[in-house]
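# sequence and computational prediction follow.
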Amino acid sequence: MTIPWQNFQSVIQPLLVELYPELGDERQANQEYQQGQELRRTLLQQLFSELTPDNEDEQTDSFVQACLLNDFSYPLIHSDLMALARSVLGSLVNGQNCQEVIALNQGFDRIEKKVSVAYFHHYLRKLAVKNHIRLSHLANLSEKNLLVHYQNHLQWMLQLINQLQGIEPDPPVELDHNRCTFGRWLHGQVIPMIKSTSHFKEVERLHIKLHKLGKDVLTQHQSDRVSHKQLIHLMGRLDYISLEIGAEIAILNDMMMITEYHKDPLTGVLTRHLLDKILSAQIEIAKATESTCALLMLDLDNFKHINDTYGHLAGDMVIQNFTDILKRTLRKSDFIFRFGGEEFLVLVPSTNAQDLQQIAQKILIEVRQQSILTPQDQLMTYTVSIGTTTIEPSNLSFVTKEVVNHYIGEADARLYLAKRNGRNRVE
């Protein structure tokens, strides 16, 4: 049944105003929020003020394109449409021709479905671009190690997206988690040191969950009663799990790299020899997994005084004690470098600014609690100053030596600030 939309303008337009009530003082301060709300109301007013049975498809398409152009999320637009539909139908249910109310409900359903379909295909295109970008970041790595398997997983994701877009992938999407390329690696000859970790077990769990979701997506997509709203939700979960797999693989890769690279003979941590190479690789990995990474620059306070007062043997004991603290405080996947004599650099993958501060404070507190017995049977304490910086790889087009040096310099500048502000602190 076609809808004479123009007959309901006197009901719809006032309810649109009620749908977006005047903002309170607190929200009025948020100008961006208010402008977005006003624009969404304007777009809905345009849609329904010009809507007729003959132009329903064209008007809905224009509405969706305007929403996408303004980067309005699907949940927001869907919520607006459903709220308006409930208000309109609720106001008409008493005293209105029953057939017209039913037809109007069906009209709202058609518009909602068109919006959901358009947003679903838009989301698939964005997801395909994201996965191609992730693959390009991995392609820039000179040593992929375990990340070559994550590349295979991303290829599987692109095959699934292609099938949902109506492009038959070659080879077809493998829905059995044991038989896809990534799954065959998981269940094949994996390095024992990696396979015994909790991170590897988490990858296995996530991979099974991902394939189940993939089956659900294809089943829903092929259904006669397909819900594109549900498909958008399922694809969002699938993408999130895919990134979780990437983050876990990156941690496993870090653990493997740490066992292979040069170690300092006194402390057993990494030397500066491959610092640039490792840091560049980690920033590229962070770009591919859409995560942040961070740096700690740490320097033992008044270390010359320790050597002069207690001797160089005692100084070595302090350095060894400090590296023991770092090893037990940090994760096995974090990179600890002996940057200079008593200066250390720590690269912390998959860590944001808030978590980084907590890590730095924990190290600071641990050091303050230390008491070391010197070769002369004297009790000795020491402190450390720490500079921190986070790296947002999404802001970087390319990872060059200059980029690496910039972030090291930023952490060093923060360390200098900690020293200038009294030592024994985090900046």
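Ah, there it is. Residues are numbered from 1 along each chain as shown.
# bridging residues for the closest residue to Phe335 other than its chain neighbours?
With sequence-adjacent residues excluded and distances taken as C-beta to C-beta, 6 or more residues apart in numbering, Phe335 is closest to Leu347, at 4.0 Å. Any C-beta I mention is one placed from the backbone N, CA and C, and that applies to glycine too. Following DSSP bridges, Leu347 is listed with bridge partners Leu295, Phe335.
# show me where the stretch 51-200 of the chain has helices.
Under the criterion DSSP state H, counting those that start in this stretch, helices of the stretch 51-200 of the chain are mapped to 56-69, 74-92, 98-139, 147-164, 181-186, 192-195, 198-222.
# which SS class is Phe337?
Taking DSSP: H, G, I helix; E, B strand; the rest coil as the rule, one finds Phe337 in the strand state.
# ok, it - how many residues close by?
By the measure other C-beta atoms under 10 Å, the count of residues near Phe337 is 23.
# which of the three states applies to Glu290?
coil.
# distance of it from Arg134?
With distances taken as C-beta to C-beta, to the nearest Å, Glu290 is found 7 Å from Arg134.
# go on, Ser385?
From Ser385 to Arg134 the distance is 37 Å (C-beta to C-beta).
# also Pro349?
Counting by C-beta to C-beta, the gap from Pro349 to Arg134 is 16 Å.
# quick one on the thing from earlier: contacting residues for the residue nearest to Phe335?
Going by C-beta atoms under 8 Å, 6 or more residues apart in numbering, Leu347 touches 278-279, 282, 293-295, 334-335, 337.
# redo that, cut-off 10 Å
Residues in contact with Leu347 (C-beta atoms under 10 Å, 6 or more residues apart in numbering) are 254, 270, 275, 278-279, 282-283, 293-296, 333-337, 391, 407-408, 411.
# list buried residues within those.
Among the contacts of Leu347, those scoring as buried are 254, 270, 275, 278-279, 282-283, 293-296, 333-337, 391, 407-408, 411 (criterion: 16 or more other C-beta atoms under 10 Å).
# what do Glu290 and Arg134 both touch?
Here Glu290 and Arg134 share the contacting residues 243, 246, scored by C-beta under 10 Å, 6+ apart.
# which of the two has more residues huddled nearby?
More crowded of Glu290 and Arg134, by other C-beta under 10 Å: Arg134, with 23 against 16.
# which residue packs closest to that one, ignoring adjacent ones?
Ala288 (4.6 Å).
# what about that neighbour, neighbour count?
Ala288 is flanked by 27 other residues according to other C-beta under 10 Å.
# so it sits against Val148, correct?
No: in this structure Ala288 lies outside contact range of Val148 using C-beta atoms under 10 Å: 12.0 Å.
# now list whatever residues contact both of those two.
Joint contacts of Ala288 and Val148 (C-beta under 10 Å, 6+ apart) are 138, 141, 249.
# show me what the helix or strand harbouring the last one packs onto, helices and strands only.
It stands for Ile249. Here Ile249, judged by DSSP states H and E, is contained in helix 228-260. Other helices and strands packing on helix 228-260, by 3 or more C-beta pairs under 10 Å, 6 or more residues apart in numbering; DSSP states H and E, are helix 74-92, helix 98-139, helix 147-164, helix 192-195, helix 198-222, helix 275-288, strand 335-338.
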